[in-house]
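Colleague: Provide a 3D model corresponding to the input given below.
(4 chains)
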There are 2 protein chains.
Amino acid sequence: MTVIFSKKCEYGLQAILYIATHTMGKAVPAEKISQALKIPREFVSKILQDLKASGLVGSVKGKAGGFFLGKEPSQIKLIDIVEAIDGLEMFNSCVLGFPECTPDAPCPVHNKWGILRDQAYQMLKAETLDQLKERTLNKISKL
Amino acid sequence: MTVIFSKKCEYGLQAILYIATHTMGKAVPAEKISQALKIPREFVSKILQDLKASGLVGSVKGKAGGFFLGKEPSQIKLIDIVEAIDGLEMFNSCVLGFPECTPDAPCPVHNKWGILRDQAYQMLKAETLDQLKERTLNKISKL
DNA sequence: CTTTAACCAGACAATTTTATCTGATTTTCA
DNA sequence: TGAAAATCAGATAAAATTGTCTGGTTAAAG
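Modeller: Residues are numbered from 1 along each chain as shown, chains lettered A, B, ... in the order given. Got it, this is the predicted structure:
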């Protein structure tokens, strides 16, 4: 199946967006994220631990514990989450999978694809959690 | 890892492009494609059998057998190959993975992403094997 | 008519991704 | 202090993807 982001990455993006919109000073437990987004609890927990290693989220143990944003929402870009989970290879490798595809010896779709890929990259780099949060609160109440 | 097309799909695209550029009236055996593109022989063979089911390639058994294009190069679009192998779901599903993402209740990146996705789709739909063949012969000799 | 080179079908195996389980530790709060 | 609610680490399992193997069939060519 064709895919843009891995499940892990999708879940990570969903989860951090959920945290951004639901942390009201308090930490958000994995259990709550799991139920709201229908992601297996242990799985989302693992992903958030990965994001913690990248400093994008923080956590507190114990009762009333959970996860919170590791930085200001305005300082967290979508590309940061993608990079932390899936890496940036897709923005740097040939869409047809030719290992030898270079600007000098480009694959037949190199240029056209390159433009789209750069636009996608720029979008993910421009979007920050605070922008998404606002858009989310305006439009999807269930989030 | 983030990816656009599955390996199967990448291999399929590479293989059919190879056939387009190397069939000189004759069928191209899987063994040759395998060696040229460094794809496991049995694997590329399987993929070509899938593409045969979609009518994109044909084959002849026996000595001097192999694969050839099932239609005129000008009638084979990249999107056809992608559709045959990976399907078109990626052009119709939420990039963040929200099942409930719709135009009425869009996810926070719905519109921006939608534009890029449509452009990618249009590109794959516009590119035909004869165009790629020409570009390939001009630029990458080893193909 | 036998050898050879190929497709083809189906089973099998390895790897990666996705998901689950177990138990340890931490923290709150009654 | 003890129960409850949470993170966290590490092992395990299930599913999907990728890759390999075996043997059968087909067709060309000597």
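
Colleague: backbone phi and psi for residue A:67, please?
Modeller: When read as degrees, to the nearest 10, the backbone of residue A:67 gives phi -120, psi 150.

Colleague: What about it, how many residues nearby?
Modeller: Counted by other C-beta atoms under 10 Å in any protein chain shown, the residues lying close to residue A:67 total 27. Yep, even glycine has a C-beta here, placed from its N, CA and C like the rest.

Colleague: Tell me if I'm right that it and residue A:47 touch.
Modeller: No: using C-beta atoms under 8 Å, residue A:67 is not in contact with residue A:47, being 10.3 Å away.

Colleague: from memory residue A:128 sits against residue A:81, does it?
Modeller: No: Residue A:128 is beyond contact range of residue A:81, at 11.0 Å (criterion: C-beta under 8 Å).

Colleague: So which of those two has more stuff around it?
Modeller: The neighbour comparison of residue A:128 against residue A:81 (other C-beta under 10 Å) goes to residue A:81, with 26 against 19.

Colleague: distance of residue A:99 from DNA strand C?
Modeller: Per C-beta to the nearest atom of the strand, to the nearest Å, residue A:99 is found 16 Å from DNA strand C.

Colleague: Contacts only, for residue A:117.
Modeller: A:90-91, A:95 (C-beta atoms under 8 Å, 6 or more residues apart in numbering or on different chains).

Colleague: Around DNA strand D, pick out the residues from chain A.
Modeller: Within chain A, the positions adjacent to DNA strand D are A:1, A:29-31, A:42, A:45-46, A:48-49, A:52, A:59-67 by C-beta under 7 Å from any atom of the strand.

Colleague: three-state assignment of residue A:58?
Modeller: Per DSSP: H, G, I helix; E, B strand; the rest coil, the local secondary structure of residue A:58 is strand.

Colleague: So what's the residue count around it?
Modeller: Counted with other C-beta under 10 Å, residues neighbouring residue A:58 total 15.

Colleague: Excluding chain neighbours, give the residue nearest to it in space.
Modeller: Distances taken as C-beta to C-beta, 6 or more residues apart in numbering or on different chains place residue A:70 nearest to residue A:58, at 4.8 Å, with adjacent residues excluded.
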